[in-house]
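[1] what's the 3D shape of this:
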Amino acid sequence: MISQPEFSYFIIASLLLILSPGPDIISLITQSFNYGAKAGFLTALGLASGNLVNTAAAALGVTIIIQTSEIAFASLKFIGVGYLLYLAYRLLSSCHLRSANKSQVKANNGYTSFYKTGLLINVLNPKIALLFLALLPQFVPSASTQQHLDIIFLGISFATMVAIIFGGISLLVPSINITTHLKSVSYNIFARVNAAIFILLAINLALSSQK
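    Numbers count the residues shown, from 1 in each chain. Down below sits the predicted model:
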């Protein structure tokens, strides 16, 4: 059973991780800014769902395979790198398609694409899987007779915080009141900057190791 002080420390550590810069929050802000609160909120739900997948992997020991197998780690890593580069490409492409209205973009992509984007960002990043493997057990008492359940509880708590915090951000970003022209110009700058960040994150992930 997790004690109240341990859970409080876990909440603080989780908040710091959730709010730290990364592909998850960058994608969330981008989707919210460009396509509105609903798209951003679905991205947030996708990110939270990805955290649940990583929680299940940690609880079932699947993440240990990624930690110990170079082939498994490298395979997932380069799939993640490819996906981050794809997101960068999509952001740069959207600058040229900005003249299309939002309803056309939504009709072509569908709102489910935003949820899938959030989900895949977390699931295809082995560093996040290893982070969960390193983070969650630290707050589980060594004497606990239900460590797997404690890990699942902590993972669900983390995912819930992600949904609430990122959901709030997804509602806040579209409320920024700027003119249509300025928003279009701002989006193009914003998209290029974020595409560059995604490329840097992809390079960082490609150079990462299991340690």
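[2] Could you count how many residues lie near Thr112?
    10 (other Cβ atoms under 10 Å). To be clear about C-beta, it is placed using only N, CA and C from the backbone, and glycine gets the same treatment.
[3] Give me the neighbour count for the spatially closest residue to it that is not a sequence neighbour.
    Distances taken as Cβ to Cβ, 6 or more residues apart in numbering place Leu42 nearest to Thr112, at 7.6 Å, with adjacent residues excluded. Residues within reach of Leu42, counting by other Cβ under 10 Å, total 23.
[4] which residues touch Leu42?
    Listed by Cβ atoms under 8 Å, 6 or more residues apart in numbering, the contact partners of Leu42 are 111-112, 114-115, 118.
[5] ok, now Ile199?
    Listed by Cβ under 8 Å, 6+ apart, the contact partners of Ile199 are 84-85, 88.
[6] Output the below-cut-off pLDDT ranges for the chain.
    For the chain, the stretches flagged by pLDDT under 70 are 94-110, 176-187, 210-211.
[7] For Ile64, see how far away the residue most central in space within the chain is.
    Nearest residue to the geometric centre of the chain (Cα atoms, centre = their mean): Asp24, 3.0 Å. Separation of Asp24 from Ile64 (Cβ to Cβ, to the nearest Å) stands at 23 Å.
[8] show me where the protein has strands.
    Taking DSSP state E, the chain contains no strands at all.
[9] quick one, what contacts the most far-flung residue of it relative to its centre?
    Distance to the chain centre peaks in the chain at Ala143, reaching 32.2 Å (criterion: Cα atoms, centre = their mean). Under the criterion of Cβ under 8 Å, 6+ apart, Ala143 has no neighbours.
[10] could you check the distance from it over to Ala59?
    With the distance defined as Cβ to Cβ, Ala143 ends up 18 Å from Ala59.
[11] Neighbours of the residue nearest to Lys116 when sequence neighbours are not counted, how many?
    In space, and not counting its chain neighbours, Lys116 is closest to Gly46: 6.4 Å by Cβ to Cβ, 6+ apart. When counting by other Cβ under 10 Å, one arrives at 28 neighbours for Gly46.
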